[in-house]
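> mind looking at a prediction? Sequence and model below.
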Protein chains: 2
Amino acid sequence: MSSAKRLKNQQAREQRSSMVGFRTAQQTRLGEAHMKLIGAYSSPYTRRVAITLRHYGIAHDIKKVTPFGDTKAWLRRINPVAKIPILELDDGEFVTESQVILDYLDTLAPKGLRLTPSTGPQRRKIQNLCGIASAAVDKLVSVLYEFHFRPIDKVYKPWTKMCDEQTADGFKWLNAQLNDRRFFGSQITQAEITAAVFWQFAVEKRARFCERMNCSQLQALSEELEQTEPFLATMPEGPIRDGITLGTRD
Amino acid sequence: MSSAKRLKNQQAREQRSSMVGFRTAQQTRLGEAHMKLIGAYSSPYTRRVAITLRHYGIAHDIKKVTPFGDTKAWLRRINPVAKIPILELDDGEFVTESQVILDYLDTLAPKGLRLTPSTGPQRRKIQNLCGIASAAVDKLVSVLYEFHFRPIDKVYKPWTKMCDEQTADGFKWLNAQLNDRRFFGSQITQAEITAAVFWQFAVEKRARFCERMNCSQLQALSEELEQTEPFLATMPEGPIRDGITLGTRD
């Protein structure tokens, strides 16, 4: 999107944000906390953390790093398994794995904005939805890796077919849980954010595969949230580096 | 282990259990709750849940299912992504993903036995350790799958080498965090349980690979906890079914 078009959308977007009960970072920015998010918006796991930070209005820097190429060695020194995202806290502590980071960020949520409640059946249900969304996108990533990190004669179709089935089953199940673009009532929870981010990632990488799933509810949820400030401010960077472009295979 | 030897170890084990602050299910069994754990102890993710159930003294049944072969279709009807473990609650609700299940079980923990505190820096640190242990074992499983679910001419060594590095880096880092077989003070937390279960799984599958990592602290922790009741009662079943034996490749 051009910056002109982006600017033009600003007012409409802010109006829409409040319509869906999704406040912007500007409205709720917290004091002097200054965390650093390490990762890239092209990683859906990083992106859901970045969106949550913005939703909670937590001031933060972002250090753009991917687990590929030259930055991998640097990443390994912080996170031994060289994965993103990583959250660096004020005192230098590093927190890894997006689910762990979200669990921590929830404790900093301004009253009324918390995306996963601290206890109760709703917590369990939101986490369960996020867990299935994660499994679906993990299998999608396995197939992207299969085609992009090994020569074509090493690709094993029965394996990618099995992964594709798991991805499609996971997304179709999530789609069936949605009722008018929500998993529960009218409020946005972490389940909607995660499902929307992961679905958008899948569509971006494998549009025709996703089209065949007929996930109209997921698509409508994604289109709605992609117009809100936290989503627009965390648009994937595109090809992740020199010549490595995951996706667009069908 | 033979059942005679198992019986013989009973008393020593119970004594040891209380020595390491690790009570047995018998001492703490809760009322009438009757959950069903669906999975297999040969899955380290299932096993850490089973051990936690026993540690908390939560009465439960286990339905032995693996995501391979004939049972996969049945599993897909419960968990769309066909993964284990799954916890079925009394009212028929299904909870998937071991981290989500553990988060729920923690809310049922008898006073003083909780393996992950409900808030604070200790919670974050335990979850971080578990997250890195999970990433390490995920990469190990990727390599096991590479060798067992595709023909040898489709195996791509640069990929398995990269995974092996991540596994080794993760376990070595965990090993370095341990001090006299504990991550913090003297108490057993979910971090020790997860690290011990995952390390034991790795050693069972790839003994020589693990030996080269020189993780003496992880090994000592594993040897200690494998003698406690919750670990002895959840010994992996061995080869998971007809001819599929993951592991023992170096």
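Done, it's in.
> do stretch A:151-168 and chain B meet?
Yes: using CB under 8 Å from any CB of the partner chain, stretch A:151-168 reaches chain B at A:151, A:154-156, A:158-159, A:166. Quick note: C-beta positions are derived from backbone N, CA and C, even for glycine.
> for stretch A:215-225, buried residues please.
Neighbour-count burial for stretch A:215-225, counted by 16 or more other CB atoms under 10 Å in any protein chain shown, picks out A:215, A:217-219, A:221-222, A:224-225.
> scratch that, stretch A:102-122 is what I was asking about
Residues of stretch A:102-122 classed as buried: A:102-106, A:109, A:113-116, A:122 (neighbour count, 16+ other CB under 10 Å).
> kindly report the same for stretch A:202-216.
Residues of stretch A:202-216 classed as buried: A:202-206, A:209-210, A:213, A:215 (neighbour count, 16+ other CB under 10 Å).
> just stretch A:83-94 next, same as before
For stretch A:83-94, the neighbour count (16+ other CB under 10 Å) marks A:83-88 as buried.
> and which of the buried residues of stretch A:102-122 is nearest to chain B?
Sorting these by distance to chain B puts A:Tyr104 at the head of the list, at 5.2 Å, by CB to the nearest CB.
> by neighbour count, which of the residues of stretch A:151-168 next to chain B wins?
Neighbour counts for those, by other CB atoms under 10 Å in any protein chain shown, peak at A:Gln166, which reaches 22 neighbours.
> all helices of chain A, in order?
A:3-19, A:25-28, A:44-56, A:71-78, A:98-106, A:121-148, A:157-177, A:190-205, A:207-211, A:216-225, A:229-232 (DSSP state H).
> nearest to B:Phe184, out of these?
Proximity of the helices of chain A to B:Phe184 was assessed by CB to CB; the nearest stretch is helix A:98-106, lying at 16.4 Å.
> what about the closest one, near chain B?
Yes: using CB under 8 Å from any CB, helix A:98-106 comes into contact with chain B via A:99-100, A:103-104.
> remind me what that helix packs against, helices and strands.
Packing partners of helix A:98-106 (3 or more CB pairs under 8 Å, 6 or more residues apart in numbering or on different chains; DSSP states H and E): helix A:44-56, strand A:86-88, helix B:121-148.
> at 7 Å what do you get?
Using 3 or more CB pairs under 7 Å, 6 or more residues apart in numbering or on different chains; DSSP states H and E as the contact criterion, the neighbours of helix A:98-106 among helices and strands are helix A:44-56, helix B:121-148.
> quick check: which of those helices is buried the most?
The densest packing among the helices and strands packed on helix A:98-106, expressed as mean neighbour count by mean count of other CB atoms under 10 Å in any protein chain shown, is seen in helix A:44-56 with a mean of 26.
> nearest to A:Lys36 among the buried residues of stretch A:202-216?
A:Glu204 (25.8 Å).
> got the residues of chain A near chain B?
Taking CB under 7 Å from any CB of the partner chain, the part of chain A that reaches chain B is made up of A:76, A:80-83, A:95-97, A:99-100, A:103-104, A:107, A:119, A:124, A:127-128, A:131-132, A:135-136, A:149-150, A:154, A:156, A:159, A:166, A:169-170, A:173.
> pLDDT-wise, which helix or strand of chain A ranks last?
Comparing every helix and strand of chain A by mean pLDDT, DSSP states H and E singles out helix A:25-28 as the least confident one, with a mean of 40.
> dump the buried residues of stretch A:102-122 to JSON lines, plus pLDDT.
JSON lines is the format used below for the buried residues of stretch A:102-122 (pLDDT from 0 to 100):
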{"residue": "A:Leu102", "pLDDT": "98"}
{"residue": "A:Asp103", "pLDDT": "98"}
{"residue": "A:Tyr104", "pLDDT": "97"}
{"residue": "A:Leu105", "pLDDT": "98"}
{"residue": "A:Asp106", "pLDDT": "98"}
{"residue": "A:Ala109", "pLDDT": "97"}
{"residue": "A:Leu113", "pLDDT": "96"}
{"residue": "A:Arg114", "pLDDT": "97"}
{"residue": "A:Leu115", "pLDDT": "98"}
{"residue": "A:Thr116", "pLDDT": "98"}
{"residue": "A:Gln122", "pLDDT": "96"}
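> farthest-separated two in these?
When the buried residues of stretch A:102-122 are compared pair by pair using CB to CB, the two farthest from each other are A:Tyr104 and A:Gln122, 19.1 Å apart.
> A:Ala220 reaches A:Arg181, doesn't it?
Yes: with contact taken as CB atoms under 7 Å, A:Ala220 and A:Arg181 are classed as touching, separated by 5.2 Å.
> contact partners for the residue nearest to A:Thr194 when sequence neighbours are not counted?
Excluding the flanking residues, the one nearest A:Thr194 by CB to CB, 6 or more residues apart in numbering or on different chains is A:Cys130, at 4.6 Å. Shown in contact with A:Cys130 (CB atoms under 7 Å, 6 or more residues apart in numbering or on different chains): A:190-191, A:194.
> again, but for A:Ser186
A:Ser186 sits in contact with no residue, where contact means CB under 7 Å, 6+ apart.
> let me know the pLDDT of it.
With respect to pLDDT, A:Ser186 scores 93.
> please state the backbone phi and psi of it?
phi -110, psi -10 (degrees, to the nearest 10).
> now stretch A:174-187: buried residues?
Buried residues in stretch A:174-187, defined by neighbour count with 16+ other CB under 10 Å: A:174-175, A:177-178, A:181-183.
> so which of the helices and strands packed on helix A:98-106 comes closest to A:Leu232?
Of all the helices and strands packed on helix A:98-106, it is helix A:44-56 that lies closest to A:Leu232, at 9.9 Å by CB to CB.
> from the contact counts, what lies against the closest one?
Counting contacts by 3+ CB pairs under 7 Å, 6+ apart, helix A:44-56 is packed against strand A:35-39, helix A:98-106, helix A:190-205, helix A:229-232.
> now the angle from it to strand A:35-39?
The directions of helix A:44-56 and strand A:35-39 differ by 150 degrees, with axes from the mean of the first three to the mean of the last three CA atoms, to 10 degrees as the criterion.
> so how far is helix A:44-56 off the chain centroid?
Relative to its parent chain, helix A:44-56 has a centroid offset of 7 Å by CA atoms, centre = their mean, to the nearest Å.
> and of the buried residues of stretch A:215-225, the nearest to chain B?
Proximity of these to chain B (CB to the nearest CB) peaks at A:Cys215, which lies at 12.5 Å.
> gap between the residue lying farthest from the centre of chain A and A:Ile193?
Here chain A reaches farthest from its C-alpha mean at A:Asp153, the gap being 31.9 Å by CA atoms, centre = their mean. Distance from A:Asp153 to A:Ile193, counting by CB to CB, to the nearest Å: 40 Å.
> list the contacts for A:Ile126?
Taking CB under 7 Å, 6+ apart as the definition of contact, the neighbours of A:Ile126 are A:116, A:189-191.
> quick one: pLDDT of it?
The per-residue pLDDT of A:Ile126 was computed as 98.
> contacts only, for the residue lying closest to it once chain neighbours are set aside.
Nearest residue to A:Ile126 in three dimensions, chain neighbours excluded: A:Ala191, at 4.6 Å (CB to CB, 6+ apart). With contacts defined as CB under 7 Å, 6+ apart, the neighbours of A:Ala191 are A:126, A:129-130, A:183.
> do that again at 8 Å, thanks
Contact analysis of A:Ala191 by CB atoms under 8 Å, 6 or more residues apart in numbering or on different chains lists A:125-126, A:129-130, A:133, A:183-184.
> can I get the residues you listed in CSV with distance to B:His55?
Shown next, in CSV, are these (distance: CB to CB, whole Å):
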residue, distance to B:His55
A:Lys125, 25
A:Ile126, 25
A:Leu129, 27
A:Cys130, 25
A:Ala133, 29
A:Phe183, 32
A:Phe184, 32
